[in-house]
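S.K.: I'd like to go over a predicted model; first the sequence, then the structure.
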Amino acid sequence: MVSSLKILHYKRLQSTNKAAYRLAQQSATEWTVVVADVQTKGRGREGKKWESLKGGLWFSVILRPSVPTPKLPLLQFLAAIAIRQALENKTGLSVKLKWPNDLVLGNAKVGGILIESKTLADRISFAILGIGLNINQSKAQLPPEAISLRLVSGKQHDLPVLLRAILDQMRSSYDDLDNPSKIMEDWWRNCVHRPLRVQVTVSKDTVTGVSRAIDEDGSLVIETDDHKIRRVSEGSLAILID
Ligand code: BT5
């Protein structure tokens, strides 16, 4: 049975992911959603800071997917395509996807996804799907490389309406977790670097070449300059302009 949506709204939190994680440990049900107007310690991957002033949509969803642990990355790709679709339906803006966890408008980052989880052996006890989207912030309220929906549309957007649309879209596509090829085909169709020259950095290693495909496990397939195929499962991607 699918649990009903339960939205918990806060004015200010350190991080919605942190609050949701704590609730999940206390047995909160699936589809409990923690939203904050402002985060004081919003986080990205590997301890990076996520700027979360008023005007953005900062929220985390508690999920208990019944897929084996190695399939956890699928959740991020499923969320990305659901967000993209919901934003396009509600605003007409064409948000694109950048590997591994970015949402972009033009070439600037409009949002990001951070999954944290607790696993028991090869099963997922719970996953926290953290989503940050720049919606109504002005240029001065954003990091230099970022963009908000308002900066592109010229309009103020209704945060609760967008939140609801994204959650509805995610809930209606959630069963696709059993259909990885469908998720990945949709993701790849909307990928901003398909097929462009990219550079992926993983710790001190860099891989440069043309991004050719995305695997069902979420790895990016890169054809290097000496025509070898490399698969990268994590890292930061830059699009190279020739
Ligand atoms: C992400 O990390 O893109 C995942 C961001 C997830 C944020 C949500 S908000 C709700 C939930 N609660 C949390 O505490 N987190 C989640 P990553 O790929 O590591 O990107 C981080 C980098 O993006 C930073 O190092 C900055 O360069 C850049 N950045 C920071 N704040 C940004 C913003 N508001 N918009 C665009 N880029 C930003």
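M.R.: In hand now; what should we look at?
S.K.: mind listing what the closest residue to Gln141 other than its chain neighbours touches?
M.R.: Nearest residue to Gln141 in three dimensions, chain neighbours excluded: Leu53, at 4.9 Å (CB to CB, 6 or more residues apart in numbering). Where you see a C-beta, it was placed from the backbone N, CA and C, and this is true even at glycine. For Leu53, the contact set (CB atoms under 8 Å, 6 or more residues apart in numbering) comprises Val38, Gln137, Gln141.
S.K.: quick one: the strands in the chain?
M.R.: Secondary structure of the chain (DSSP state E): strands located at 6-13, 32-39, 57-63, 96-98, 102-105, 108-120, 123-133, 197-202, 205-214, 220-224, 229-232, 236-239.
S.K.: Near the ligand, which residues of this protein? Just list them.
M.R.: 15-17, 39, 42-45, 48, 50-52, 58-60, 101, 109, 112-114, 130-132, 134, 143, 146 (CB under 6 Å from any ligand atom).
S.K.: centroid residue for the protein?
M.R.: The residue lying closest to the centre of the chain (CA atoms, centre = their mean) is Ile113, at 2.6 Å.
S.K.: Okay, and the beta partners of that residue?
M.R.: Following DSSP bridges, Ile113 is listed with bridge partners Ile131.
S.K.: thought it was touching Gln76?
M.R.: Yes. Under the criterion of CB atoms under 8 Å, Ile113 makes contact with Gln76 at 5.2 Å.
S.K.: Next, the contact list for the residue lying closest to Asp186 once chain neighbours are set aside, please.
M.R.: Leaving aside its sequence neighbours, Asp186 sits nearest to Ile81 (CB to CB, 6+ apart; 4.7 Å). Ile81 makes contact with Leu97, Ser173, Ile183, Asp186, Trp187, Asn190, according to CB under 8 Å, 6+ apart.
S.K.: and those, which of them are in helices?
M.R.: Using DSSP state H, the subset of the contacts of Ile81 located in helices is Ser173, Ile183, Asp186, Trp187.
S.K.: Quick one: those residues as JSON lines, columns for pLDDT and neighbour count too.
M.R.: Below are those laid out as JSON lines (pLDDT from 0 to 100; neighbours: other CB atoms under 10 Å):
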{"residue": "Ser173", "pLDDT": "97", "neighbour count": "18"}
{"residue": "Ile183", "pLDDT": "97", "neighbour count": "25"}
{"residue": "Asp186", "pLDDT": "98", "neighbour count": "20"}
{"residue": "Trp187", "pLDDT": "98", "neighbour count": "21"}
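S.K.: Per-residue pLDDT of the residue nearest to Asp186, please?
M.R.: pLDDT recorded at Ile81 is 98.
S.K.: And the one 3 residues further on, by the same measure?
M.R.: According to the per-residue confidence, Arg84 scores 98 in pLDDT.
S.K.: Leaving out the residues flanking it, which one is nearest to it?
M.R.: Per CB to CB, 6+ apart, closest to Arg84 is Val95, 4.9 Å.
S.K.: And that neighbour, how far from the ligand?
M.R.: 13 Å (CB to the nearest ligand atom, to the nearest Å).
S.K.: now Ile62
M.R.: Separation of Ile62 from the ligand (CB to the nearest ligand atom): 12 Å.
S.K.: cool, Gly209 as well?
M.R.: Distance, Gly209 to the ligand, by CB to the nearest ligand atom: 21 Å.
S.K.: dump the residue contacts of the residue of the chain found nearest the ligand.
M.R.: Nearest residue of the chain to the ligand (CB to the nearest ligand atom) works out as Gly112 at 2.0 Å. Gly112 makes contact with Gly44, Trp50, Asn101, Asp102, Leu103, Ile131, Gly132 under the criterion CB under 8 Å, 6+ apart.
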